[in-house]
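**Q** sequence-free structure coming up:
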């Protein structure tokens, strides 16, 4: 599988499922995993975005260690994609607006905690490697980006 194909599959899963698992390294050096609402933006191939509140542990985690992992899966669990990459914490109003346009409507619970979108950070993952699993077929493919 080529880079474009796996990125298209990630985008398809995000469009269908609306959530993913996002793993960081905690300040204590242990894994920290949570469900998040990801986005991919047109014209920004090879990146995955999410928003985080100003008091988010995720922001503190990635500022200390930018290595992250994502897990995307179809509802039927017939396709699972694990992505490894590095995160940039972005405080850019233009990018924040683009990301919020995509994910904002899906963040009902998030908005109860974070009221002012100007305070939000965008976490931008630069994809370094993606692993596609098709468990029902016993297949695994690795795609490296760098």
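**A** Thanks, I have the structure now. Owing to the predicted nature of the structure, the values given are computational and were not obtained by experimental measurement.
**Q** and the gap between residue 10 and residue 81?
**A** Distance, residue 10 to residue 81, using CB to CB, to the nearest Å: 6 Å. Yep, even glycine has a C-beta here, placed from its N, CA and C like the rest.
**Q** can you check residue 73 too?
**A** With distances taken as CB to CB, residue 73 is found 8 Å from residue 81.
**Q** Could you name every residue contacting both of residue 10 and residue 81?
**A** 72, 130 (CB atoms under 8 Å, 6 or more residues apart in numbering).
**Q** circling back to that earlier point, spit out the residues that contact residue 73 and residue 81 alike.
**A** Both residue 73 and residue 81 are contacted by residue 13, under the criterion CB under 8 Å, 6+ apart.
**Q** quick one, which of these two is more surrounded?
**A** residue 81 (22 against 18; other CB atoms under 10 Å).
**Q** SS state for that one?
**A** strand (DSSP: H, G, I helix; E, B strand; the rest coil).
**Q** and what of residue 98?
**A** helix.
**Q** how near is the closest residue to it other than its chain neighbours to residue 141?
**A** Among residues not flanking residue 98 along the chain, residue 41 sits closest, at 5.5 Å (CB to CB, 6 or more residues apart in numbering). Here the distance between residue 41 and residue 141 works out to 25 Å (CB to CB).
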